[in-house]
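**Student:** this is a predicted model, with the sequence first.
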Amino acid sequence: MRAGIAILTVVAFASVPLWLRDPYLMNALITTGIFIVGAMSLNLLLGFTGQLSLGHIAFFGIGAYVSALTSLGFDAGLPFGFRMVHEPWPPIIGFVLAIIIAGFCGYLVGLLSFRVRGAYFVIVTISFAEVVRLVALNWVELTQGPLALTNIPSITIGLPGLGDLTLRTKLQNYYLVLSVAVIAYVLISRLVHSHFGRAMRGLMENETLAVSVGIDVTKTLTLAAVISAGIAGAAGSLYAHYIRIIDPEVFAFINTVTMVIMVITGGKGSLAGPVVGGMIFGLLPVFLRPIMAPEAQWIAYGGVLIVILFVLPRGIVRSLAQRFAKRRSRVETVAPVAFSKRDAAKEHA
Amino acid sequence: MTAPAIALKVEQVAVRFGGLVALSDMNFSVSEGEIVSLIGPNGAGKTTAFNVVTGFLDPTHGAVSYRGTSLNGLKPHQIADLGLIRTFQRTSVFPNDTVYDNLLVGLHRQGRVSLLEAILGLPRARSSRRRLRERASELVEWVGLERRAHDLAGSLSYGEQRLVGVALALAAEPSMLLLDEPVSGMNASETHTFVQLIRNIRDRGVTILLVEHDMPMVMSVSDRIVVLNYGRIIAEGSPDVIRNNPAVIEAYLGQGAKRA
């Protein structure tokens, strides 16, 4: 049944461009999709290992910058008179490099902080994001600083028999983001259902016990951080090549918070959680904009957040799944007579 | 017949927390296939000894070795990899997972396939997964929790949770099992079943070190008993010897018992 829902969801998303022509809404969907990929990667850490990365946008931003710089080329000075010169490469290589370098940064951050974990990981990730933002802001020769990297080329993919296809239109980018999101989803799903995933859950629930049956804490958590950061880097790369301009503001703390909100409201530790939470909080501003003043929009945004967490404290997906399961088990266990009686009473009322 | 080889060897181990001496100069060994109990009044240092052996605590002084490998400086998961698996006094299950899933986590050591294989769902990963599922079902049956297999471990009774704890430890394929007060909180019939279980485990070739307060249980199951008091070993021997040892009686009942 789960696979059925997943396939239906993908088909539904794939059919959106057939009936939605509004470019503004398409744009909102694409950026939301990119953020959902980021939220999925955050969920891998927060939902399945219990580690809150409050600087997750750093991996996203690193992916964006790496990809942009790879495809734009650069010529930057290094200490001791060395120069770092790079000719532009195809954006698709930038995409791959974004994943690798962001993943490597995840490895470093994980290695530094997972010996102590918990609050330390939160602090290390926040600081890491801030440091990276400052580098992006001040290393003007490389990143153009606040002037932003502009004219970032769109992603070109080579199709066998069809030659190269440059993804310039919203339609093409929509399907690109959808494909990456599906791949990320499947990857995370496979991972959490493997014995690595069980090790992660075990560590989150009862670390001492997990260690006693031979689970290596540092290795398991670092691995989760690497994969999570790599996926965030992929999302960042998509962002850079779609928006085609990035500045250090991409590292803003609010972007991490947005991802955290998407994960928590959708349901951390549930694979579909970030998708549901992401759709709501990614598209909410779009729907609020025509009906509210900007200040009121934020209040409404916060209001929706509070209501969701109040009514469905474990996140939309998990709370609903739980209720559904409860109802089903009641149907199965309660004698059919009693059930129909209650139903009849409801109908009469 | 030659004497069985020594499995676990604890030599001159001392543990101090600041000024407090939790263990001083502890020496004992456990042979392959033996059931040895570590007993003593509360605060005698039994759990501390367990923590030292399983790497959860570094000794201030002394050495522990298992089958000739020194355990000093090894992390708990590395010691688990040597086949030395423990259970815990209290926290013994993954409460938010089903009993069955608990055991799958416990089977971690058996389930190692490369990450890539697991993600791509290659045949080796699939066959490994099938094997683990079978093994988990076997273990659930073995500790007699079939009917609870798909309930959350946290919803089980205390006695049942202890069984899950033991099944989890067994899932890790121990060559030596360390049980920390496994029957505390169990009623008499549960304890009786548990003693059978321990004997069964030993008959599978697993060496057992037990910490326990339930004296009748200890006396009936142990081959040998080591008695700790105030961080030092005060007696060691077969259950019969220990039962009649004056130092042990004094430690448990105090001086007044003699006059009584």
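**Tutor:** In hand now; what should we look at?
**Student:** return the residues of chain B in contact with chain A.
**Tutor:** Contact residues (Cβ under 8 Å from any Cβ of the partner chain) of chain B with chain A: B:54, B:56, B:75-77, B:80-81, B:85-88, B:91-97, B:101, B:104-109, B:111-113, B:115, B:118-121, B:125, B:132, B:165, B:168-169, B:171-172. In short, each C-beta sits where N, CA and C put it, glycine included.
**Student:** mind running it again at 7 Å?
**Tutor:** Taking Cβ under 7 Å from any Cβ of the partner chain, the part of chain B that reaches chain A is made up of B:54, B:76-77, B:80-81, B:85-86, B:88, B:91-92, B:94-97, B:104-106, B:108-109, B:111-112, B:115, B:118-119, B:121, B:168, B:171-172.
**Student:** only the buried subset of those, as a ChimeraX command please.
**Tutor:** Here is the ChimeraX command that selects the buried residues among the residues of chain B next to chain A (16 or more other Cβ atoms under 10 Å in any protein chain shown):
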select /B:54,76,77,80,85,86,88,92,94,95,96,97,104,105,106,108,109,111,118,119,168,171,172
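**Student:** next step: the residues of chain B next to chain A restricted to strands.
**Tutor:** In strands, defined here by DSSP state E, the members of these are B:Ile85, B:Arg86.
**Student:** centroid-nearest residue for chain B?
**Tutor:** Chain B has B:Leu178 as the residue nearest its centroid, 1.8 Å off, counting by Cα atoms, centre = their mean.
**Student:** quick check: bridge partners of it?
**Tutor:** B:Arg86, B:Leu209 (DSSP bridges).
**Student:** identify the residues contacting it.
**Tutor:** B:Phe50, B:Val53, B:Thr54, B:Arg86, B:Leu209 (Cβ atoms under 7 Å, 6 or more residues apart in numbering or on different chains).
**Student:** could you identify the most distant pair in these?
**Tutor:** Taking Cβ to Cβ as the measure, those span a maximum distance of 10.1 Å, between B:Thr54 and B:Leu209.
**Student:** touching chain B at all, the helix or strand hosting A:Ala325?
**Tutor:** In the assignment (DSSP states H and E), A:Ala325 maps to helix A:316-333. No. Looking at helix A:316-333 against chain B by Cβ under 7 Å from any Cβ, there are no contacts, and the closest approach is 11.4 Å.
**Student:** which elements pack onto that helix?
**Tutor:** helix A:253-266, helix A:273-288 (3 or more Cβ pairs under 7 Å, 6 or more residues apart in numbering or on different chains; DSSP states H and E).
**Student:** now the shortest one - C-alpha only, PDB.
**Tutor:** What follows is helix A:253-266, C-alpha atoms only, in PDB (Å, rounded to 0.1, in the frame of the first residue of the first chain):
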ATOM      1  CA  PHE A 253      19.800  31.200   9.500                       C
ATOM      2  CA  ILE A 254      16.100  31.500   8.500                       C
ATOM      3  CA  ASN A 255      16.700  29.100   5.600                       C
ATOM      4  CA  THR A 256      17.800  26.400   8.100                       C
ATOM      5  CA  VAL A 257      14.800  27.200  10.300                       C
ATOM      6  CA  THR A 258      12.500  26.800   7.300                       C
ATOM      7  CA  MET A 259      13.800  23.300   6.700                       C
ATOM      8  CA  VAL A 260      13.500  22.400  10.400                       C
ATOM      9  CA  ILE A 261       9.900  23.600  10.300                       C
ATOM     10  CA  MET A 262       9.200  21.500   7.300                       C
ATOM     11  CA  VAL A 263      10.600  18.400   9.000                       C
ATOM     12  CA  ILE A 264       9.000  18.900  12.400                       C
ATOM     13  CA  THR A 265       5.500  19.800  11.100                       C
ATOM     14  CA  GLY A 266       5.500  17.000   8.500                       C
END
